[in-house]
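*Asks:* okay, here's the prediction I keep looking at, along with the sequence it came from:
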Amino acid sequence: MYIRKTSQIKISDDFFLPFGGKLNRNNRWVKLAELIPWSDFEDAYAQNFKSPTRGEEALSVRVALGTLIIQTKLKLVDAEVPLQIMENPYLQYFLGFDSFEDDRQPFDASLVTHFRKRFTPDILLEINNIIAVKELEAAAASEIRDDDDDHKNNGSGPTEPTAEDVQISFDDIPKQGKLILDATCAPSDIRFPTDLRLLNEAREKLEDMIDVLHAPDISVTAKPRTYRNRARKDYLSIEKQRKKRSKAIRKAIRKQLGYVKRDLVIVEIYIEDPSRAELLTRRQQRDLQVIRKLYEQQRYMYESRTHSVENRIVSISQPYIRPIVRGKAGSDVEFGCKVMTSVVNGYTFIEKLDFDSYNEGILLQEAVEQYFRRFGFFPEAVLADSIFRNRENLAWLKLRGIRMSGPKLGRKPKIVNPETKKIERADNGERNAVEGSYGVGKRKYGLDLIKAKLEDTAKSVIILQFLVMNLDRRLRSFLSQFYLQLIFAIRVNNLAAVNGL
């Protein structure tokens, strides 16, 4: 059960330290706790608990979300998170504890997995929008006309009207700010997949299933022949070669396809008996379904002499992962989740993330409409690379009076206006913000290797990384304003002291 608790920020001076002293009010965790509107997320978090009165009392939303923020910010594994919290009073204050306790862990490490499952990707996207939009709305409130307040939105969902639903001309809709768009891939933690390795892994898993299914008859009948030793030898004879020839690889794949087919037939005969099928674990049952599809794909590619197939499986344990063709130097293909983001005044919004590859160019119009729903106005310009600059998008933006970065389509003019060159250089410089967000995410927050094993939790981990990036930016903005006010106050006091003399 979940009991709603007030998530008001306690004064850091009230936090009890058994060894005396007080918390530093300027500590990053103290300031960060003040910036997060914890109570705004409680309704969504409480929906994870069916009964408000039955079961053990769950930890608060502040503890759950704060734990995920700590893990993402410090790049900790699940087992290390409660230990770090137990040893650090500032982390305990950040989670809303009343006093510092270092005699026991605040919760078991296994709860971190449950926290990730409770904060679904949709909930985390809403939280990210709330945190980022509040800051941007406050900065832009003074620049928006009073009669445009009806168009504003708190950024919590897509239920607000789109620009087409507003019965006014596009020229009457205010335009402010710039929308920067781009996409990247967040690679998953899997071994580089090859057809031969996948077939060998499938064969080994099928052999384990045969051992389990035959266990009740081990003293009665002989186990079906699987040729596992020969199959292993055939696989290693190719895998150990430093330079593999295509003919040798194709021959090895044909052999492994035969071994996998034989094992699949044996397993299918066994599981015709419902009582025998129950001997397989849930994971083995799931792997069996994946292996069936994997075998069909590999056989099709072998027979048709191709290396591509729709919804290609590259991992048996994580069958939702797809190859994402990026064309980057050093890595033409990445295996993970494709993420399309937008950057507005340094804050990152996730427009779409999916493990299936998609063309981000067709999502520009939706991203602009989402910008309108968040802030109540159109952007002055859209800064994006060439994949977004198709004729349909350019015509759609022109109708709304929105400028698109980059040169015009068609033949390059012989004489280019110097002012146009200046604008293009400025746009390219500003567009680096989205590339910078990917670089920071991959170097500092772990976006370069997603270790979560489930599809939803992997998406949650990716969203959390962008959420923490926005929190860090908001914290830097808050601290910079604080120090500027402090310097101004010191100068005023010095000036008053001089005048007093």
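*Replies:* Structure's in. What do you need? On a predicted model such as this, the values are computed, not experimentally measured, just so you know.
*Asks:* surely Val30 meets Pro89?
*Replies:* No - with contact defined as C-beta atoms under 8 Å, Val30 does not reach Pro89; the gap is 10.4 Å. The C-beta positions use only the backbone N, C-alpha and C, and glycine is treated the same way.
*Asks:* next, show the common contact partners of these two.
*Replies:* Leu23 (C-beta atoms under 8 Å, 6 or more residues apart in numbering).
*Asks:* mind checking which of those two has more residues around it?
*Replies:* More crowded of Val30 and Pro89, by other C-beta atoms under 10 Å: Pro89, with 22 against 18.
*Asks:* quick one: residues contacting the closest residue to the more buried one other than its chain neighbours.
*Replies:* Nearest residue to Pro89 in three dimensions, chain neighbours excluded: Phe100, at 4.1 Å (C-beta to C-beta, 6 or more residues apart in numbering). For Phe100, the contact set (C-beta under 8 Å, 6+ apart) comprises Phe15, Phe16, Leu17, Pro18, Pro89, Gln92.
*Asks:* let's see it at 6 Å
*Replies:* Leu17, Pro89, Gln92 (C-beta atoms under 6 Å, 6 or more residues apart in numbering).
*Asks:* try Gln176
*Replies:* Phe377.
*Asks:* give me phi/psi at it?
*Replies:* For Gln176, the backbone dihedrals (degrees, to the nearest 10) come out as phi -150, psi 140.
*Asks:* strands along the chain, start to end?
*Replies:* Along the chain, counting by DSSP state E, strands occupy 178-187, 322-328, 331-344, 347-354, 381-383, 403-404.
*Asks:* lowest-confidence stretch among these?
*Replies:* The weakest mean pLDDT among the strands of the chain belongs to strand 322-328, with a mean of 83.
*Asks:* tell me the angle of that one relative to strand 331-344?
*Replies:* 80 degrees (axes from the mean of the first three to the mean of the last three C-alpha atoms, to 10 degrees).
*Asks:* in strand 322-328, what counts as buried?
*Replies:* For strand 322-328, burial by neighbour count (16 or more other C-beta atoms under 10 Å) applies to Arg322, Pro323, Ile324, Arg326.
*Asks:* let's have the residues you listed in a markdown table, adding distance to Phe49.
*Replies:* Conversion of these to a markdown table gives the following (distance: C-beta to C-beta, whole Å):
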| residue | distance to Phe49 |
| --- | --- |
| Arg322 | 34 |
| Pro323 | 38 |
| Ile324 | 36 |
| Arg326 | 41 |
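*Asks:* please enumerate the helices of the stretch 401-501 of the chain.
*Replies:* Remark: helices assigned in the stretch 401-501 of the chain by DSSP state H, counting those that start in this stretch are 418-444, 455-500.
*Asks:* okay, now the unreliable bits of this protein?
*Replies:* For the chain, applying pLDDT under 70 flags the ranges 1-13, 51-53, 55, 135-171, 327, 329-330, 479-501.
*Asks:* count of neighbours near Asn409?
*Replies:* Check again: residue 409 is Leu, not Asn. 10.
*Asks:* any idea how far Pro319 is from it?
*Replies:* Going from Leu409 to Pro319 by C-beta to C-beta, to the nearest Å gives 40 Å.
*Asks:* now distance to Asp472 too, for the strands of the chain, in a markdown table please.
*Replies:* Shown next, in a markdown table, are these (distance: least, C-beta to C-beta, whole Å):
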| stretch | distance to Asp472 |
| --- | --- |
| strand 178-187 | 18 |
| strand 322-328 | 26 |
| strand 331-344 | 14 |
| strand 347-354 | 11 |
| strand 381-383 | 23 |
| strand 403-404 | 30 |
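*Asks:* go through those strands and name the closest to Gln365.
*Replies:* Closest to Gln365 of the strands of the chain, according to C-beta to C-beta: strand 381-383, at 10.1 Å.
*Asks:* follow-up on the earlier one: take the contacts of Phe100 and keep only those in helices.
*Replies:* Pro89, Gln92 (DSSP state H).
*Asks:* of the contacts of Phe100, closest to Pro274?
*Replies:* Nearest member of these to Pro274, counting by C-beta to C-beta, is Gln92, at 51.8 Å.
*Asks:* now for that closest one, how many residues are close by?
*Replies:* Neighbours of Gln92 (other C-beta under 10 Å): 23.
*Asks:* so who does it touch?
*Replies:* Gln92 touches Phe100, counting by C-beta under 6 Å, 6+ apart.
*Asks:* got the domain boundaries for this protein?
*Replies:* Segmentation of the chain into domains, based on automatic domain parsing, reads 12-119, 153-189+322-478, 195-304.
*Asks:* can you list those in CSV and add distance to Leu125?
*Replies:* Formatted as CSV, the domains of the chain follow (distance: least, C-beta to C-beta, whole Å):
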stretch, distance to Leu125
domain 12-119, 10
domain 153-189+322-478, 6
domain 195-304, 27
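*Asks:* circling back to that earlier point, to Ser39, which of the strands of the chain lies closest?
*Replies:* Nearest of those (C-beta to C-beta): strand 347-354, 21.6 Å.
*Asks:* within the sheet, what are the partner strands of that closest one, with directions?
*Replies:* strand 331-344 (antiparallel) (DSSP bridges).
*Asks:* return the set of buried residues in the partner strand.
*Replies:* So strand 331-344, judged by 16+ other C-beta under 10 Å, has buried residues Glu334, Phe335, Gly336, Cys337, Lys338, Val339, Met340, Thr341, Ser342, Val343, Val344.
*Asks:* Phe372: neighbour count?
*Replies:* 21.
*Asks:* mind listing what's buried in stretch 293-310?
*Replies:* For stretch 293-310, by 16+ other C-beta under 10 Å, it's Leu294, Tyr295, Gln297, Gln298, Arg299, Met301, Tyr302.
*Asks:* and the nearest residue to Lys442 once chain neighbours are set aside, how far is that from Gly441?
*Replies:* In this structure, Lys442 finds its nearest non-sequential neighbour in Asp448, 3.8 Å apart by C-beta to C-beta, 6+ apart. Distance, Asp448 to Gly441, by C-beta to C-beta: 8 Å.
*Asks:* out of the two, which sits in the busier spot?
*Replies:* When Asp448 and Gly441 are compared for neighbours, Gly441 comes out ahead with 22 against 16, by other C-beta under 10 Å.
*Asks:* what sits against the more buried one?
*Replies:* Here Gly441 is in contact with Leu447, Gln465 (C-beta under 6 Å, 6+ apart).
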